[in-house]
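>>> next one to model:
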Amino acid sequence: MAAYNFKEVMSKPERLAGGHRMCPGCGGTIAARAVLRALHEGDYAVIGNATGCMEVSTFMYPYVAFEDSYIHNAFENAGATLSGVETAYNALKKRGRLPEDANFKFIAFGGDGGTYDIGFQSLSGAMERGHDMVYVCYDNGAYMNTGIQRSSATPKYADTTTTPVGTESDGKVQCRKDLADIMASHNIPYVGQSTFIGNFSDLHKKAEKAIYTEGPAFLNIMAPCPRGWRYDPSDIMTICKMAVETCYWPLFEVENGKWSLTYEPKNKLPIEDFLRTQGRFKHLFKPGNEDLIADFQAEVDKRWEHLQYKCAE
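Down below sits the predicted model:
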């Protein structure tokens, strides 16, 4: 991989055009733009997009905000659709029906609802079969497009419309699923987890690796949602930084089975610094709820220690 050059990367032509209807301060479009900037000049992409916020806001028939070939997929089958397209591409190329210099990459985008939950079966199948494609999850931690319902990516104690906080409930009961770990268990060539920090070098490097590593690859990108997480749009970078510095959302990659941290905080911050940035956790700071924060901290610490162990092996 070439050395990261911020100016060069940011000066690339946009492959996701402006004028779409995603919310100001949305992490989904930031994730998509960053991933697509990792494509090399002259390469083409076929974009698959599971039903969700990104699909309904970037695809208003007959217009689409993506500059590359685009396929709107049903909620559950982005992985299956792109694996089929990749297979068809290989068949056409083998028969000489495509130009020799045609170089296409296959990239699916899906939110956590269409990836962790409804689309998990087709994603798992595509990864297991070994298709040369990248699946990118823009993880905003709930079904945001349909009214902020909980998903298996929603963190414990989050206030959503289906896990409302009240006199009988402290929010979601279960901890979030660790999908990057599950994808690594498929023994695929590349898995990366990232978000928006600093000059985006971590995300860009992982996106480039995912796209240009032969075989299936998975990227999990924490992409905050201003409506569901309840924050001021201008605070998105602070939230991402706190997620990483508290080790709620560690940055790591798995290359051919080898785990490695790509960033380790010098001074791991308490989870309160992340939780305070979002209205969905405001109930945790009411008097008498200190044990809930302690429980959240214990889960973060356990997962962080487990990740460190895997990276040290």
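>>> how many neighbours does the residue nearest to residue 224 when sequence neighbours are not counted have?
Leaving aside its sequence neighbours, residue 224 sits nearest to residue 27 (CB to CB, 6 or more residues apart in numbering; 4.5 Å). Glycine gets a C-beta too; all of them are placed from N, C-alpha and C. Neighbourhood size, residue 27 [other CB atoms under 10 Å]: 25.
>>> let's verify residue 191: helix, strand, or coil?
strand (DSSP: H, G, I helix; E, B strand; the rest coil).
>>> that one: neighbour count?
Residue neighbour count, defined by other CB under 10 Å, stands at 27 for residue 191.
>>> let me know the pLDDT of it.
Confidence at residue 191, expressed as pLDDT, is 98.
>>> show the contacting residues for it.
Taking CB atoms under 8 Å, 6 or more residues apart in numbering, we find residue 191 in contact with 180, 183-184, 217-220, 253-254.
>>> can you tell me which of the residues you listed end up in strands?
217-220, 253-254 (DSSP state E).
>>> list the contacts of residue 16.
29, 32-33, 36, 58, 65-67.
>>> tell me the secondary structure at residue 136.
Per three-state DSSP, residue 136 ends up strand.
>>> could you give the bridge partners of it?
Taking DSSP bridges as the rule, residue 136 bridges to residue 109, residue 219.
>>> report pLDDT for it.
pLDDT at residue 136 comes out at 98.
>>> around it, how many other residues sit close by?
28.
>>> residue 234 versus that one, what's the distance?
Distance of residue 136 to residue 234, computed by CB to CB, to the nearest Å: 25 Å.
>>> top helix in the chain by residue count?
Secondary structure assigned by DSSP state H gives helix 290-312 as the longest helix of the chain.
>>> what lies in contact with that one?
Under CB under 8 Å, 6+ apart, the answer for helix 290-312 is 155-157, 170, 175, 178, 246-248, 250, 252, 259-261, 268, 270-272, 275, 284-285.
>>> swap the cut-off to 10 Å and go again
155-157, 170-171, 175-176, 178, 180-181, 184, 193, 246-250, 252-254, 258-262, 264-265, 268, 270-272, 274-275, 281, 283-286, 289 (CB atoms under 10 Å, 6 or more residues apart in numbering).
>>> filter these to the buried ones?
Among the contacts of helix 290-312, those that count as buried by neighbour count (16 or more other CB atoms under 10 Å) are 155-157, 170-171, 175-176, 178, 180-181, 184, 193, 246-250, 252-254, 259, 262, 271-272, 274-275, 281, 283-284.
>>> how about the ones in strands among the contacts of residue 191 in TSV, adding pLDDT?
Converted to TSV, the ones in strands among the contacts of residue 191 look like this (pLDDT from 0 to 100):
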residue	pLDDT
217	98
218	98
219	98
220	98
253	98
254	98
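>>> and these, which is closest to residue 141?
Comparing those against residue 141 with CB to CB places residue 220 closest, at 11.7 Å.
>>> can you tell me the distance between the two ends of stretch 113-130?
Chord length of stretch 113-130, first to last residue, is 23 Å (CA to CA, to the nearest Å).
>>> for it, which positions count as buried?
Going by neighbour count (16+ other CB under 10 Å), the buried part of stretch 113-130 is 113-120, 122-123, 126-127.
>>> among the buried ones among the contacts of helix 290-312, which are located in strands?
Those of the buried ones among the contacts of helix 290-312 lying in strands (DSSP E): 193, 252-254, 259.
>>> quick one: low-confidence residue ranges for this structure.
1-2 (pLDDT under 70).
>>> go again using 90 as the cut-off
In the predicted model, the chain carries pLDDT under 90 at residues 1-13, 17-21, 24-25, 60-62, 99-102, 313.
>>> helices along that one, start to end?
Under DSSP H, the chain gives helices at 6-10, 27-36, 53-58, 78-94, 112, 120-129, 179-184, 201-212, 226-229, 236-245, 272-275, 290-312.
>>> next, the angle from the fourth one to helix 120-129.
What separates the directions of helix 78-94 and helix 120-129 is an angle of 40 degrees, with axes from the mean of the first three to the mean of the last three CA atoms, to 10 degrees.
>>> follow-up on the earlier one: could you redo the ones in strands among the contacts of residue 191 as a markdown table and give each row distance to residue 304?
Formatted as a markdown table, the ones in strands among the contacts of residue 191 follow (distance: CB to CB, whole Å):
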| residue | distance to residue 304 |
| --- | --- |
| 217 | 24 |
| 218 | 21 |
| 219 | 20 |
| 220 | 16 |
| 253 | 16 |
| 254 | 16 |
